[in-house]
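Visitor: next input, structure requested:
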Amino acid sequence: MPQKSSKYLHKESNNKRIKLRPAIIVFPLILLLFSFSCGGSPDKEDIKKVLSDRQSAFENKDQKLYLSCISKDYNQKTEDKVIDIEEIKKKFESNTKVFDSMKITRKDISIYMKSDNLAEVYQKSLFKLKIEAELSTYKTVEKIVLEKKNGRWKIVKEADIDLFRGFVFGSK
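Guide: You can find the predicted model right below:
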């Protein structure tokens, strides 16, 4: 078998390096993009946890858990009054006590980071509500504003504090 000259081997080796150069550059870029697309930011994961706790609080009528999601600085103005943490307690109670059970399905959750410490969440929520033998559903798009204080995300504003205002049970 004839041997290749060293000049030919050197040229072949250079060609391989030239062909490998784009792969060496592109592969790390692909890995970097993949890592950003797969994992959410720690802040977004923390926000999702708050949203999950809020959902669980409604489903289990757990006011303590719900209030753990709410900022102590919660202060929202409506047409007729200012809603603070005390009013939030009353609204939670009125939104949950009337139902025997409540199941919430959230989807199309979009988290917009307005700054390092402020986020807006939009989510479609489907409430399956039960009073005695009656079942009904209620759909809404919620806007929830969260603020990060002392390293923790808390809700500072909800689009509609009284989730079921105007909802007629049994209608579709």
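Visitor: buried set for stretch 85-98?
Guide: Residues of stretch 85-98 classed as buried: 87, 88, 91, 92, 95, 96 (neighbour count, 16 or more other Cβ atoms under 10 Å). Backbone N, C-alpha and C define where each C-beta goes, glycine included.
Visitor: helix or strand right after the helix or strand where the first one lies?
Guide: Yep, that's residue 87 we're talking about. Under the assignment given by DSSP states H and E, the secondary-structure element containing residue 87 is helix 85-96. Sequence order places strand 101-115 as the next helix or strand after helix 85-96, per DSSP H and E.
Visitor: ok, the buried residues of stretch 85-98 vs residue 113, which is closest?
Guide: Out of the buried residues of stretch 85-98, the one with the shortest distance to residue 113 is residue 88. That distance is 24.4 Å, counting by Cβ to Cβ.
Visitor: break the chain into its domains for me.
Guide: If the domains of the chain are taken from automatic domain parsing, they occupy 1-39, 42-158, with pieces of a single domain joined by a plus sign.
Visitor: mean pLDDT for the ones you listed: which is lowest?
Guide: Set side by side, the domains of the chain give their lowest mean pLDDT on domain 1-39, at a mean of 53.
Visitor: please work out which of the domains of the chain is packed deepest.
Guide: Scoring those by mean neighbour count under mean count of other Cβ atoms under 10 Å gives domain 42-158 as the most buried, with a mean of 15.
Visitor: show the end-to-end separation of it, please.
Guide: 22 Å (Cα to Cα, to the nearest Å).
Visitor: ok, the residue lying closest to residue 73 once chain neighbours are set aside to residue 78 distance?
Guide: The shortest distance from residue 73 to any non-neighbouring residue, by Cβ to Cβ, 6 or more residues apart in numbering, is to residue 156 (6.6 Å). Going from residue 156 to residue 78 by Cβ to Cβ, to the nearest Å gives 15 Å.
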